[in-house]
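Enquirer: Next input, structure requested:
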Amino acid sequence: MLIALVAFAAALGGTYLGRAIFVDRTPRETELHALLHRQLNLDAAQQARIDEIERRFAVRRTALELEMRAANAHLAAAIEAEHGYGPEVTAAIDHTHMVMGEMQKETLEHLFAMRGVLRPDQAALFDRSVTKALTADAQSAAKR
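Expert: The predicted model follows:
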């Protein structure tokens, strides 16, 4: 049992260090927001609508991030209590996945809401930027 716990802790530590050292931490939405605010030449009405969409999403994103931290804490407590892959760990993992899924869904709803403000020519540029952001990891992995 002790060997399994040490191996599990080593795996978690290795994963954390790998992500901290090698993962690009630049948020994917940065490129989208730069496109929106600098390259699409939004008119004042579009800018006002997008600013409101952004404000609403920022509140929801913060709530989901807090829920994700709580889900991770629940998972840590379950691992500590069960010392294995038991029913509490399984439930905690399912909850973590549910929160991650909600974040992804709401992020996409946010993107589509912003896209709905754009003219067709602006939307085409926006779509290309979204596709690039979503496929960047796959493209960089293929180059390795």
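Enquirer: Dihedrals phi and psi, residue 40?
Expert: The phi/psi pair for residue 40 (degrees, to the nearest 10) reads phi -90, psi 0.
Enquirer: Quickly note the distance from it to residue 114.
Expert: According to Cβ to Cβ, to the nearest Å, residue 40 stands 10 Å off from residue 114. To be clear about C-beta, it is placed using only N, CA and C from the backbone, and glycine gets the same treatment.
Enquirer: Find the residues that touch each one of those two.
Expert: Shared contacts of residue 40 and residue 114 (Cβ atoms under 8 Å, 6 or more residues apart in numbering): residue 126.
Enquirer: where along this protein do the helices fall?
Expert: 2-22, 28-34, 44-82, 87-115, 120-143 (DSSP state H).
Enquirer: got those helices as JSON lines, with mean pLDDT and mean neighbour count columns?
Expert: Formatted as JSON lines, those follow (pLDDT from 0 to 100; neighbours: other Cβ atoms under 10 Å):
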{"stretch": "helix 2-22", "mean pLDDT": "60", "mean neighbour count": "10"}
{"stretch": "helix 28-34", "mean pLDDT": "63", "mean neighbour count": "14"}
{"stretch": "helix 44-82", "mean pLDDT": "91", "mean neighbour count": "14"}
{"stretch": "helix 87-115", "mean pLDDT": "91", "mean neighbour count": "15"}
{"stretch": "helix 120-143", "mean pLDDT": "78", "mean neighbour count": "12"}
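Enquirer: Dihedrals phi and psi, residue 43?
Expert: Reported as degrees, to the nearest 10, the phi and psi values for residue 43 are phi -80, psi 170.
Enquirer: so what pLDDT did it get?
Expert: Residue 43 is assigned 91 on the pLDDT scale.
Enquirer: what about it, how many neighbours?
Expert: Neighbourhood size, residue 43 [other Cβ atoms under 10 Å]: 10.
Enquirer: same deal with residue 35?
Expert: Residue 35: 18 surrounding residues under other Cβ under 10 Å.
Enquirer: Skipping its backbone neighbours, what lies nearest it in space?
Expert: Nearest residue to residue 35 in three dimensions, chain neighbours excluded: residue 129, at 4.8 Å (Cβ to Cβ, 6 or more residues apart in numbering).
Enquirer: what's the distance between the one you found and residue 100?
Expert: Distance of residue 129 to residue 100, given as Cβ to Cβ: 23 Å.
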